[in-house]
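> Here is my input; please provide its structure:
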Amino acid sequence: MAEQNDDSVKVYEPDHSLHNRIGKGTLDQVLSKEAVAHAEQAIQQSSDKFAEECKQRLEALEASYAALQQSPEMDAVLLAPVIDAAFSIKIAAAQSGYDLASAIAKSLHLHCENLGFAELSPKNMDVIAWHISSIRHLLNNKIKGTGGSIGAAIMGEIQKLG
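Residues are numbered from 1 along each chain as shown. A predicted model of the protein is given here:
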């Protein structure tokens, strides 16, 4: 890259060496339809893999919640796996295109973190259960993206919980 100094401001200009070697071209000339189809297939397979991971993590979340229900007096110890599972679902769901499930998992993660070491009330247990059932519904019904009208209703309910 060429460097120019002008009153203590450095301006970097690309050297255009790649452009000079391959010339001008369009994206259609660089990527064939077969290459695009292959890339789309790889992305879909990756998305499916993350969706399966979400379901496995949801099972771990449900197991952690069941343990919490059996011993609510030990909530400080048993709430940590719920927080961890919600956090991991948030990431995997986002990576697989389940944006709404990711948002709900984030809400659950933050809700549980905010509970801290307080004893869990029946209402708090219901809020956790509601989050889990919403995530399960989205994953089982393969509702990707923001979820349309269902997603808007769910996000409205989350705002009421706050």
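> so where's the protein uncertain?
1-7, 22, 25-30, 72, 74-76, 117-119, 162 (pLDDT under 70).
> Could I get the buried residue list for the longest helix along the chain?
Longest helix of the chain, by residue count under DSSP state H: helix 33-70. Neighbour counts over helix 33-70 (16 or more other Cβ atoms under 10 Å) mark Phe50, Ala51, Glu53, Cys54, Arg57, Leu58, Leu61, Glu62, Ser64, Tyr65, Leu68 as buried. Every residue, glycine included, has its C-beta placed from N, CA and C.
> Skip ahead from that helix and say which helix or strand is next.
helix 75-95 (DSSP states H and E).
> Tell me which residues touch Gln95, please.
Ser46, Ser47, Phe50 (Cβ atoms under 8 Å, 6 or more residues apart in numbering).
> Going by distance to Ala101, which of these wins?
Checking the contacts of Gln95 against Ala101 with Cβ to Cβ, the nearest one is Phe50 at 11.0 Å.
> how much does the strand or helix carrying Asn114 deviate in direction from helix 33-70?
Counting by DSSP H and E, the element that carries Asn114 is helix 99-115. For helix 99-115 against helix 33-70, the angle by axes from the mean of the first three to the mean of the last three Cα atoms, to 10 degrees is 30 degrees.
> Centroid-nearest residue for the protein?
Ala94 (2.5 Å; Cα atoms, centre = their mean).
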